[in-house]
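> I need the structure of the sequence given here:
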Amino acid sequence: MEMTPGQSEKLKRYLINADPFLWDVLKAKNKKNRMKELKELGFLEIYPEKNNPTYSKINQDLLIELGIEGIFEKIIKKQLDALFNGSHLVYFRRCWEQGQTPDMLYLKNEKLYRPKFFESDEKLEGGKITGFRSPAFIFFQINVQKEFIERWTTFAGLWFEEIEPIIEKKIL
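Numbering: from 1, shown residues only. Next comes the predicted model:
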């Protein structure tokens, strides 16, 4: 994945200002388990086990270890490939280009959105984390009470307008 210096700087700013962390592409939903997942992927192995760095520090260290290109190639793209098949992203791109969101039924039928809350194995203060494990949340803000897609996430625009075109150039 080759980027111009301008693209690289722009994507770095998006990364360091991203909410949620790494656009929520990791399976884990709390910092301890996200660190564990990153280590299992082979990154940030220098961190001691009991270390509790801020997300800012993690982003800085990922940028040093992998660079922005490596973060997108080795973490984000890899995770998206595991969560979505090629036809999902093609369909999302078509919706993006038409200025509309996909139908909620499509997300449900493709098992990209679970219509009910569920509990994860991860602990959070006061109980278990519920909801938001569906892959659709990476690309869409969804009103879970009324079950409709409110809008695209910031990551969706970044993916379709900045990252995917760079990846496609490399493939061609």
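> what about the strands in this protein?
119-124, 127-130, 140-143, 148-152 (DSSP state E).
> now do the contacts for the spatially most central residue of the chain.
Nearest to the mean C-alpha position of the chain, by Cα atoms, centre = their mean, lies Val25 at 2.8 Å. Neighbouring residues of Val25 by Cβ atoms under 8 Å, 6 or more residues apart in numbering: 75-76, 79-80, 83, 138. The C-beta positions use only the backbone N, C-alpha and C, and glycine is treated the same way.
> chain center to stretch 89-107, what's the gap?
How far stretch 89-107 lies from its chain's middle: 17 Å, per Cα atoms, centre = their mean, to the nearest Å.
> sorry, back to before: weakest of the strands of the chain by average pLDDT?
Note on the strands of the chain: strand 127-130 shows the lowest mean pLDDT, a mean of 44.
> and the longest helix for this protein?
Ranked by residue count and defined by DSSP state H, the top helix of the chain is helix 55-70.
> name the helices or strands packed onto that helix?
helix 5-16, helix 31-40 (3 or more Cβ pairs under 8 Å, 6 or more residues apart in numbering; DSSP states H and E).
> how far off helix 55-70 does the longest one point, in degrees?
Put simply, helix 5-16 runs at 150 degrees to helix 55-70, going by axes from the mean of the first three to the mean of the last three Cα atoms, to 10 degrees.
> okay, buried residues for helix 5-16 please.
For helix 5-16, burial by neighbour count (16 or more other Cβ atoms under 10 Å) applies to 7, 11, 14-15.
> can you check which of the helices and strands packed on helix 55-70 gets nearest to Trp96?
With Cβ to Cβ as the measure, helix 5-16 is the member of these nearest Trp96 (16.8 Å).
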